[in-house]
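In: Sequence and predicted structure below; questions after.
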Amino acid sequence: MNIYVVMKRTFDTEEKIEINNGVIDEEGAEFIINPYDEYAIEEAIVLRDEHGGEVTVVTVGDEEAEKELRTALAMGADQGVLIDVEDLDEEPDHFTIAELLAAYFKDKEYDLILGGNVAVDDGAGQVAPRLAEKLGINQVTTITDIKINGTSATIERDDEGDVETVEAQLPLVATAQQGLNEPRYPSLPGIMKAKKKPLETIDLDDLDLDEEDVAAKTRTVDRYLPPEKEAGRMIEGGPETQVDELVGLLKNEAKVL
């Protein structure tokens with residue numbers, strides 16, 4: 001099987017993030033593989049080991065993303081591809097990324113393209129569905145189990161707390177939800193092997209694209225951190241007194257009633 005994983009480099013939301021003038025301070029931020037994409041990478045490796053073939057991890061970004069690609073290779077992927085957008089005048093949006101990926105996959109043979117359900121930095125979940133539409137192939141989102149049988153797949157997907165079972169023909173785009181698997185940690189031998197695995201860098205010229213072909217359709221006008229939480233307030237007195245005071249606070253201060 002030819003299995004591809006669409007991966008995003010994101011900042012670690014578990015670490016402190018500083019924003020200056022609407023721009024994330026990358027010098028002080030920790031960057032990682034988007035956690036949902038880790039599920040996709042792990043599932044790709046499991047399916048390759050079961051059915052044979054290769055796993056290729058593809059990301060759109062600048063040269064800094066090579067670190068996360070090497071981590072994916074250390075996990076067990078066979079090769080990595082960086083679509084370099086460092087020279088773009090504008091920050092790429094979901095349209096830009098989907099167009100670049102679609103151009104990359106245009107002449108590729110693929111059975112399965114996996115990605116994360118969402119990215120933890122924006123939570124949009126747009127790129128994989130957009131890519132499937134551009135390629136004209138099936139898509140299934142929020143998957144929690146997948147079994148490949150020849151040219152078809154039986155998939156379980158999270159449906160707002162319920163489980164939906166779907167059968168789909170390959171080729172297919174599927175996005176991984178938490179619970180699909182438990183991503184492995186790169187081992188020391190895996191890290192050493194990753195240094196010798198192929199990592200290809202391509203740009204717009206290699207994809208036969210001009211910058212206007214992938215110009216962003218949206219623009220981020222501001223970024224800011226949520227306000228710090230205020231200290232809690234204790235309500236004293238008997239039950240009736242507490243209820244009256246709570247209703248008054250919700251109505252007059254919180255203004256949610």
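Out: Nice, I can see it. Predicted, not measured: the structure shown is a model, and the values here were computed from it. Numbering: from 1, shown residues only.

In: Phi and psi next, for residue 156.
Out: With angles defined as degrees, to the nearest 10, residue 156 sits at phi -110, psi 140.

In: I misspoke; the intended subject was residue 183.
Out: Residue torsions, per degrees, to the nearest 10, at residue 183 are phi -60, psi 140.

In: Can you name the residues that contact it?
Out: 38, 39, 41, 42, 75 (CB atoms under 8 Å, 6 or more residues apart in numbering). Placement of C-beta: from N, CA and C, glycine included.

In: Got phi/psi on residue 121?
Out: phi -90, psi -30.

In: Surely residue 247 and residue 257 touch.
Out: Yes: Residue 247 lies in contact with residue 257 (CB atoms under 8 Å); the separation is 6.9 Å.

In: can you pull the contacts of residue 13?
Out: 120, 121.

In: Sorry, slip of the keys, the one I care about is residue 152.
Out: Per CB under 8 Å, 6+ apart, neighbours of residue 152: 167, 168, 169, 170.

In: From those, pick the one nearest residue 55.
Out: residue 170 (15.4 Å; CB to CB).

In: Looks like the closest one contacts residue 139 (just checking).
Out: No: if you go by CB under 8 Å, residue 170 and residue 139 don't touch, sitting 12.0 Å apart.

In: Quick check: which element contains residue 81?
Out: Assessed by DSSP states H and E, residue 81 sits inside strand 79-84.

In: which strands and helices sit next to that strand?
Out: strand 54-61, helix 66-75, helix 94-105, strand 199-202 (3 or more CB pairs under 8 Å, 6 or more residues apart in numbering; DSSP states H and E).

In: Please name the strands paired to that strand in the sheet, noting orientation.
Out: strand 54-61 (parallel), strand 199-202 (parallel) (DSSP bridges).

In: Need those in CSV (columns: mean neighbour count, distance to residue 12 and mean pLDDT).
Out: Formatted as CSV, these follow (neighbours: other CB atoms under 10 Å; distance: least, CB to CB, whole Å; pLDDT from 0 to 100):
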stretch, mean neighbour count, distance to residue 12, mean pLDDT
strand 54-61, 23, 16, 97
strand 199-202, 14, 22, 97
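
In: Can you add distance to residue 30 and give the ones you listed back as CSV?
Out: Listed next are the strands paired with strand 79-84 as CSV, based on distance: least, CB to CB, whole Å:
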stretch, distance to residue 30
strand 54-61, 16
strand 199-202, 22
